[in-house]
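Student: Kindly generate the corresponding structure for this input.
(chains A and B, ligands or ions: 1)
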Amino acid sequence: MIEVKNISEEDILKILETVADPEVPVLSIIDLGIVRKIEIYNAVQKPPSGSLVVFITPTYTGCPAMDVINMNIRLALLENGFINVEIKTVLSPAWTTDWMTEEGKQKLKAYGIAPPNMKQQVCTPGLFQEEEAVQCPHCTSYHTQMISRFGSTACKALYKCNDCNEPFDYFKCH
Amino acid sequence: MFNSNSSITNSQFQIPDSLINYTLHLADNTLILAQQNSAWCGHGPILEQDIAITNISLDLLGQARNFYQYAAQLINEFKAHSPKERAGGEATEDTLAYLRDNREYKNCLLTEQENGDWAKTILRQFLFSNYQYLLYEKLQYGEDEQLRAIAEKALKEVIYHLKWSSEWVIRLGDGTHESHQRISNAVIELWPYVDELFINADYESALIANNIAVDGGSIKKSWLQGTEEIFSEAMLSVPQNVFSQKGGKQGIHTEQLGYILAEMQFLQRAYPDSVW
Ligand SMILES: [Zn+2]
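Tutor: Numbering: from 1, shown residues only, chains lettered A, B, ... in the order given. Below is the predicted model:
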């Protein structure tokens, strides 16, 4: 347990790194880039010393994982002695896959999910666009094709590798 | 904004009331369409498209939740400061979705139309996504901070919906004889509900001057242009001189909404406050 005195943002970030995305458990909420700000109240009476406000932003508007993430943040902080925790959701600026850390992208790839490309590539309403080149996380070939723009969760699209013939999920740009 | 000062003027009071109605209207549009689309779960023509339509449903439901949460916050603040106390307990996203009746729903008639066949569901989604795309594109620069944030966030998802549904309209229209016939029928069935999207309700008109609501008239031309482009690629023609139905924004609905609410609200009506 951390002494509830002179808590640093780093201490809190370390705890939040243990909170995983329930839908893609190799990613922590820090890897995802959804923790936007942490407010720490040291040595003040009101709110009590050791109070925290964690600001998070949802990945997708309808992401059912957000409720679970909220609860898991609360539990992780509670386990470390933080009782007065408030979690605030901020919508703006809207989350983008560009906020995912480089480490997060590597973890995704190792897990078998193609990490998001830079968002400029495909987030425009033009139709039948040439699909962005997505690298197969299994054999690293770029010779892949999109099967469906919508996948098993809101954040993924379904792809197939034309070289190794394996299907895979792509964490689509957003 | 919700100053309890007794010198508050009538026009200042109209803003919270209009803002509540406008937010509910935005919420109802997305909830009702989400509910309709969700009926495809397990019934899509192929697995990938079953997943696509239910994903779209989930996105719309997420938008609805954001709008309802904001509406509930506005209602509770307004009630606390209003001299005319409204009846009932605290508003929440759930009371707004599950405990309001037909006449209180402010969704456009288009969103409540029957799923019909795949072509009709696709066309309804395309007509609505094209509208929503233009709407949110403007709303994200509006004066209300929360509506702006929801629109900015949802816009990215709507782009995916618009691309997907546009491509399907073209695929069906320029597909087989049967698919062309089916989507042509859908155009005839749904076109009477298009105009309502662009006719401002009183609560919209009241907010347009303050740049809180988007003026429906201001996006109609772009909408028609975008629709005509897709229709022409899909070998479909835009119907002319169709009698328009309206009233949904004011709570006057087609019979469809009754069936939707009966199913959607049954559990909370029969077993109040039950949770899972
Ligand atoms: Zn491969």
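Student: Kindly state the pLDDT recorded for residue 81?
Tutor: Because you didn't say which chain, this covers chain A. pLDDT, residue A:81: 90.
Student: The chain in question should be chain B.
Tutor: Looking at residue B:81, its pLDDT reads 69.
Student: And residue B:104, by the same measure?
Tutor: Turning to residue B:104, the model gives it a pLDDT of 97.
Student: One more: residue A:131?
Tutor: 67.
Student: Residue A:100 and residue A:29 touch, don't they?
Tutor: No - under the criterion of CB atoms under 8 Å, residue A:100 is not in contact with residue A:29, lying 11.0 Å apart. Bear in mind the C-beta positions are built from the backbone N, C-alpha and C, glycine included.
Student: Return the distance of residue A:172 relative to the ion.
Tutor: For residue A:172, the distance to the ion equals 18 Å [CB to the ion, to the nearest Å].
Student: Remind me which helix or strand the residue lying closest to that residue once chain neighbours are set aside belongs to.
Tutor: Excluding its sequence neighbours, the residue lying closest to residue A:172 (CB to CB, 6 or more residues apart in numbering or on different chains) is residue A:157, at 4.4 Å. Element membership for residue A:157, per DSSP states H and E: strand A:156-161.
Student: What mean pLDDT does the very next helix or strand once past that strand get?
Tutor: Sequence order places strand A:167-171 as the next helix or strand after strand A:156-161, per DSSP H and E. For strand A:167-171, mean pLDDT is 92.
Student: Residue A:92: neighbour count?
Tutor: 15 (other CB atoms under 10 Å in any protein chain shown).
Student: Could I get the contacting residues of it?
Tutor: B:145, B:148-149, B:152-153 (CB atoms under 8 Å, 6 or more residues apart in numbering or on different chains).
Student: before we move on, what about residue B:160?
Tutor: By CB under 8 Å, 6+ apart, the residues touching residue B:160 are A:149-150, B:56, B:59.
Student: Inside helices: which ones of these?
Tutor: B:56, B:59 (DSSP state H).
Student: Please give me every residue in contact with residue 164.
Tutor: Just going to use chain A. Taking CB under 8 Å, 6+ apart as the test, what residue A:164 contacts is A:136, A:138-139, A:141.
Student: Chain B, not that one
Tutor: Applying CB under 8 Å, 6+ apart to residue B:164 gives the contacts A:149-150, B:52, B:56.
Student: Identify the farthest-apart pair in these.
Tutor: Distances among those were taken as CB to CB; the most separated pair is A:149 and B:56, at 10.2 Å.
Student: Which helix or which strand is home to the residue most central in space within chain B?
Tutor: The centroid of chain B falls nearest to residue B:29 when counting by CA atoms, centre = their mean (1.9 Å). For residue B:29, the host element (DSSP H and E) is helix B:10-38.
Student: After the helix or strand containing residue B:79, which helix or strand is next? Please name it.
Tutor: Residue B:79 is part of helix B:47-81, with elements assigned from DSSP H and E. Using DSSP H and E, the helix or strand that directly follows helix B:47-81 along the chain is helix B:93-98.
Student: now the helices: where do they sit in chain A?
Tutor: Assigned by DSSP H, the helices in chain A fall at A:9-16, A:29-32, A:65-79, A:102-111.
Student: Can you check which of those gets nearest to the ion?
Tutor: Of all these, helix A:102-111 sits nearest to the ion, with 12.2 Å by CB to the ion.
Student: Now do the same contact list for residue 93.
Tutor: You didn't pick a chain, so chain A it is. Contacts of residue A:93 (CB under 8 Å, 6+ apart): A:57, B:152.
Student: Oops, wrong one, chain B.
Tutor: B:65, B:68-69, B:72.
Student: now do residue B:228
Tutor: By CB under 8 Å, 6+ apart, the contact list for residue B:228 reads residue B:238.
Student: can you check residue A:134 too?
Tutor: Taking CB under 8 Å, 6+ apart, we find residue A:134 in contact with A:114, A:117, A:142, A:144, A:146, A:159, A:170.
Student: now the second one: how far from residue A:174?
Tutor: In this structure, residue A:117 and residue A:174 are 11 Å apart, going by CB to CB, to the nearest Å.
Student: now swap in the third one and tell me
Tutor: As for residue A:142, its distance to residue A:174 is 21 Å (criterion: CB to CB).
Student: Just want to know which of the two has more residues nearby.
Tutor: Shown here are residue A:142 and residue A:174; by other CB under 10 Å, residue A:174 has more neighbours (22 against 11).
Student: Go ahead and confirm the more buried one touches residue A:154.
Tutor: No - checked against CB under 8 Å, the pair residue A:174 and residue A:154 is beyond contact range at 9.2 Å.
Student: Surely residue B:45 touches residue B:119?
Tutor: No - here residue B:45 lies out of contact with residue B:119, judged by CB under 8 Å, at a distance of 10.4 Å.
Student: Which one of those two is surrounded by more residues?
Tutor: The neighbour count for residue B:45 versus residue B:119, taken as other CB under 10 Å, is higher for residue B:119 (24 against 11).
Student: The more buried one contacts residue B:182, doesn't it?
Tutor: Yes - Residue B:119 lies in contact with residue B:182 (CB under 8 Å); the separation is 3.9 Å.
Student: joint contacts of the two?
Tutor: residue B:172.
Student: residues contacting whichever residue of the stretch 51-200 of chain B sits closest to chain A?
Tutor: Closest approach between the stretch 51-200 of chain B and chain A, counting by CB to the nearest CB: residue B:62, at 2.5 Å. Going by CB under 8 Å, 6+ apart, residue B:62 touches A:58, A:60-63, B:154, B:157.
Student: What subset of the contacts of residue A:134 is buried?
Tutor: Among the contacts of residue A:134, the ones that count as buried by 16 or more other CB atoms under 10 Å in any protein chain shown are A:114, A:117, A:144, A:159, A:170.
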